[in-house]
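[1] what follows is a predicted protein model with its sequence.
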Amino acid sequence: GAGVSQSPSNKVTEKGKDVELRCDPISGHTALYWYRQRLGQGLEFLIYFQGNSAPDKSGLPSDRFSAERTGESVSTLTIQRTQQEDSAVYLCASSHGQRNTGELFFGEGSRLTVL
Amino acid sequence: DQQVKQNSPSLSVQEGRISILNCDYTNSMFDYFLWYKKYPAEGPTFLISISSIKDKNEDGRFTVFLNKSAKHLSLHIVPSQPGDSAVYFCAAALTGANNLFFGTGTRLTVIP
């Protein structure tokens, strides 16, 4: 499809396990973002990729979180040793260009539940 | 620290009437504001935006108003339609910053 694609749509895991979430941005979009939304909260910025520049990791909540992106394509968000507070919907978004003009195109999200 | 706040978690409006969704922010350096709309099981979609150099932007039934002195913006939907029922997120941006700051959302229900 033409939109941002995320997988899995739902993931249930046990505390302490590692999880990997995948995002396919819109073709041609150079910027890619990861956000998360915990229950009753707003969207929380995690990480930003722009082309081949060093990513902005300022939003990652701990060193258990990491993300990679190869060029201007797929990105993976990895959470190691998951904790219950990691339960959230993880949203990926992509956009044109190098400036944050604000209009992001979001995927449907990956709902993570840590038991 | 929540820099963008939506103090009303929910709002119900009769079809055909005006819906007014409110948003407050704390950082006077924000220079661009947006509203996103989210349906269940879908990602947020961009609705309308406004630059800090303006105080109003209109797009069809949707109008966003910005009051910089009060650090307040609002989204007006006129007339409201049942298909407008969704969660609306307010967001703010800083030129040169990479992320958007989102509010917690307001769930709008338009009653037929």
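    Good, I have the coordinates.

[2] and the closest residue to chain B within chain A, what does it touch?
    With C-beta to the nearest C-beta, the shortest gap between chain A and chain B falls at A:Phe106, namely 3.0 Å. From N, CA and C alone the C-beta is placed, and that goes for glycine too. Shown in contact with A:Phe106 (C-beta atoms under 8 Å, 6 or more residues apart in numbering or on different chains): A:Val4, A:Leu91, A:Cys92, A:Ala93, B:Tyr36, B:Gly43, B:Pro44, B:Thr45.

[3] now A:Ser110
    Residues in contact with A:Ser110, defined by C-beta under 8 Å, 6+ apart, are A:Gln6, A:Ser7, A:Pro8, A:Ser9, A:Asn10, A:Lys11, A:Leu21, A:Val89, A:Tyr90.

[4] can you rerun that using 6 Å?
    By C-beta atoms under 6 Å, 6 or more residues apart in numbering or on different chains, the residues touching A:Ser110 are A:Gln6, A:Pro8, A:Leu21, A:Tyr90.

[5] in terms of pLDDT, where does the first one sit?
    Per-residue pLDDT puts A:Gln6 at 97.

[6] need the contact list for it.
    Applying C-beta under 6 Å, 6+ apart, the residues contacting A:Gln6 are A:Cys23, A:Cys92, A:Gly107, A:Ser110.

[7] chain neighbours aside, what residue packs nearest to it?
    A:Gly107 (3.9 Å; C-beta to C-beta, 6 or more residues apart in numbering or on different chains).

[8] so what's the residue count around the one you found?
    24 (other C-beta atoms under 10 Å in any protein chain shown).

[9] just B:Thr104 next, same as before
    The criterion is other C-beta under 10 Å. On that basis, B:Thr104 has 19 neighbouring residues.

[10] same thing with B:Met29?
    11.

[11] quick revisit: considering the contacts of A:Ser110, which possesses the most neighbours?
    Each of the contacts of A:Ser110 was scored by neighbours using other C-beta under 10 Å; the highest score is A:Gln6's, at 25 neighbours.

[12] can you tell me the SS state at it?
    Following DSSP: H, G, I helix; E, B strand; the rest coil, the label given to A:Gln6 is strand.

[13] correct me, but B:Gly103 touches B:Ser8?
    No - taking C-beta atoms under 6 Å as the definition, B:Gly103 is not a contact partner of B:Ser8, at 10.2 Å.

[14] any idea how far the residue nearest to A:Gln6 is from A:Cys23?
    The span separating A:Gly107 from A:Cys23 equals 6 Å under the rule C-beta to C-beta, to the nearest Å.
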